[in-house]
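J.: model the structure of this input:
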Amino acid sequence: MNYVKVNDPRIGRTDKNEVFVVASACIKHFENWRKTIRSGIANGSCCAALRMDDGSIRFGNSRGAGETAISSGVHSINHAEIHAVKSTGGQSFMPFLYVDLIPCVHCQTYLEQNLVVEHDRDELDITVFYQFDTAEEMSRVHALSEAVQIQYLSDLLGL
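T.: Alright, predicted model coming up:
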């Protein structure tokens, strides 16, 4: 399991492009929730996303308000990356996960146990890309407009 900040200069162009697609979809998805649905997702809510093998993107949020939360009744999960993984329903997904905030120790343990064991992945085959080191930094960027958040991400990735 590798944890890589999105502005790490060792990230290759292909990975940068894929992270940009998934992370910008995450920004757009949750900005819609923040602005229209107002379901408790505030600027301090961590968000996550992963791309399924069929090309679709699944989302998770620290308030449990990902795309499957309502239909599956999963409302008690309070970490974005856990919610995103659970939203897959055990289906196969690409070997990386995007999450706003660096995963805490609890989430790292969950990811290592569940991605490797339940999803039959080689531990070294999975990369978790994250954008923020602190909740304060995340909240500050989440307060910006969707377009500015996406430009900020693009700049971090060097695109």
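J.: the protein: helices as residue ranges?
T.: Listed in chain order, the helices of the chain (DSSP state H) span residues 13-32, 69-72, 80-86, 105-113, 135-142, 146-157.
J.: ranking the ones you listed by mean pLDDT, which is last?
T.: Ranked on mean pLDDT, the bottom entry among those is helix 69-72, at a mean of 38.
J.: what does the model give the most centrally placed residue in the chain for pLDDT?
T.: With the centre of the chain defined as its mean C-alpha position, the nearest residue by CA atoms, centre = their mean is A48, 1.8 Å away. At A48, the pLDDT value in this model is 91.
J.: these two touch, right, it and F59?
T.: Yes - at 6.9 Å, A48 and F59 qualify as touching, with contact defined as CB atoms under 8 Å. Every C-beta, even on glycine, is put in place using the N, C-alpha and C of the backbone.
J.: overlap in contacts, the two.
T.: When contacts are counted by CB atoms under 8 Å, 6 or more residues apart in numbering, A48 and F59 are jointly contacted by 26, 84.
J.: quick one on the thing from earlier: any idea how far the residue nearest to the centre of the chain is from V6?
T.: Relative to V6, A48 is positioned 13 Å away (CB to CB, to the nearest Å).
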